[in-house]
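[1] with the input below, show me the fold.
(one chain, ligands or ions: 1)
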Amino acid sequence: MSRRIKLIAGNWKMNGSRAVGAAFIDRLGALRPAAGPMRRMLICPPATLISSMSDGLKALGVMIGGQDCHVQASGAFTGDISGPMLRDFGCDYVIVGHSERRAVHGETDQLVQAKALAALEIGLIPIICVGETLAEREAGQAESIVRAQIAQSVPDRIAPANLVVAYEPIWAIGTGRAATLDDIAAMHHTIRDALTVKSGDAEGGLVLYGGSVKPGNAAEILALDIVDGALIGGASLAAEDFAAIANTVSANA
Ligand code: 13P
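    Numbering: from 1, shown residues only. Next up, the predicted model:
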């Protein structure tokens, strides 16, 4: 099987100021992770920074994305941001269904699927997040929970080029405790299987791993053939760490 593109994506969550964004771009510009056809880089800053970071990131070959979008294009939805608004500021991707939004904002699989469809309609690639809690894993339910999330959160028959799923075990997020390579590989195989059932042909789609990815563990995680990239929280805020993680993957075939 020829290697799929690897996507190195940063999720800044609710962190960063204009000064932090500008400093990140300056530093990444000095580090200049090599561009190439087999590796994509993406930063999803908070919505307040999309405008000021978009051009600078693009000049470095780094794409920009949102962290969430509403299902509607516009309207009386105080505090929300729509897919067309993200497109207006040059976003190519949007994260949907992150576990923090599922937990804190009560987002259901059905809502996540509706957001993914709204994103696709406007030309954004949704990064659809799935993952089990520690209690679910300890009860032996991790695979069935994630299969059910895939079945219900991923729209039917997405073109493989627009299909990105991030496996983020909730117990690995922000804990410094990444899943083991065996657990990552096993779940990624399950997800690929579930996506093939769901989408017909999921071969070109990407399945990312997220949860305590750092420069120290990125190389071994990203060396797994079945892992098509990483969704990085905390470490993506430091340009050095983001570049170091990106540089564990060759940009060329
Ligand atoms: P950390 O890399 O900080 O564990 O966060 C992972 C995550 O939630 C990315 O979306």
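
[2] contacts only, for residue 196.
    For residue 196, the contact set (C-beta atoms under 8 Å, 6 or more residues apart in numbering) comprises 202, 203. All C-beta atoms are positioned from the backbone trio N, CA, C, and that covers glycine.

[3] count of residues packed around the closest residue to the ligand within the chain?
    In the chain, no residue comes nearer to the ligand than residue 233, which is 2.2 Å away by C-beta to the nearest ligand atom. Using other C-beta atoms under 10 Å, the number of residues around residue 233 comes to 20.

[4] does it touch residue 14 like I think?
    No. Applying C-beta atoms under 8 Å, one finds residue 233 not in contact with residue 14, separated by 11.0 Å.

[5] list the contacts of residue 132.
    By C-beta under 8 Å, 6+ apart, the residues touching residue 132 are 141, 142, 145, 146, 169, 170.

[6] run through those residues and flag the ones next to the ligand.
    Among those, not one lies near the ligand by C-beta under 6 Å from any ligand atom.

[7] so which of those belong to helices?
    142, 145, 146 (DSSP state H).

[8] the last one and residue 193, how far apart?
    Here the distance between residue 146 and residue 193 works out to 11 Å (C-beta to C-beta, to the nearest Å).

[9] same check on the second one?
    Residue 145 is 15 Å from residue 193, where distance means C-beta to C-beta.

[10] in its sheet, what does whichever strand or helix holds residue 128 sit against?
    Following DSSP states H and E, one finds residue 128 within strand 125-130. With DSSP bridges as the test, strand 125-130 is paired with strand 93-96 (parallel), strand 164-167 (parallel).

[11] save these as CSV, and put in mean pLDDT and mean neighbour count too.
    Shown next, in CSV, are the strands paired with strand 125-130 (pLDDT from 0 to 100; neighbours: other C-beta atoms under 10 Å):
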stretch, mean pLDDT, mean neighbour count
strand 93-96, 98, 26
strand 164-167, 98, 27
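
[12] any of the contacts of residue 132 buried? List them.
    Buried members of the contacts of residue 132, counted by 16 or more other C-beta atoms under 10 Å: 142, 145, 146, 169, 170.

[13] make JSON lines from the residues you listed and add pLDDT to it.
    Listed next are the buried ones among the contacts of residue 132 as JSON lines, based on pLDDT from 0 to 100:
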{"residue": "142", "pLDDT": "98"}
{"residue": "145", "pLDDT": "98"}
{"residue": "146", "pLDDT": "98"}
{"residue": "169", "pLDDT": "98"}
{"residue": "170", "pLDDT": "98"}
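
[14] so, low pLDDT: which residues of the stretch 151-253 of the chain?
    Within the stretch 151-253 of the chain, not a single segment meets pLDDT under 70.

[15] so which residues of it form strands?
    Counting by DSSP state E, counting those that start in this stretch, the stretch 151-253 of the chain has strands at residues 164-167, 206-210, 229-232.

[16] could you do the stretch 1-150 of the chain as well?
    6-11, 39-44, 62-66, 93-96, 125-130.

[17] who wins for proximity to residue 30 among those?
    Among the strands of the stretch 1-150 of the chain, strand 62-66 comes nearest to residue 30, with 13.8 Å by C-beta to C-beta.

[18] and this structure, which of its residues are near the ligand?
    11, 98, 168, 173-174, 210-213, 231-235.

[19] which members of those are classed as buried?
    Among the residues of the chain next to the ligand, those classed as buried by 16+ other C-beta under 10 Å are 11, 98, 168, 173, 210-213, 231-235.

[20] could these go into JSON lines alongside distance to residue 251?
    Formatted as JSON lines, those follow (distance: C-beta to C-beta, whole Å):
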{"residue": "11", "distance to residue 251": "21"}
{"residue": "98", "distance to residue 251": "27"}
{"residue": "168", "distance to residue 251": "24"}
{"residue": "173", "distance to residue 251": "27"}
{"residue": "210", "distance to residue 251": "21"}
{"residue": "211", "distance to residue 251": "24"}
{"residue": "212", "distance to residue 251": "24"}
{"residue": "213", "distance to residue 251": "18"}
{"residue": "231", "distance to residue 251": "19"}
{"residue": "232", "distance to residue 251": "17"}
{"residue": "233", "distance to residue 251": "23"}
{"residue": "234", "distance to residue 251": "24"}
{"residue": "235", "distance to residue 251": "19"}
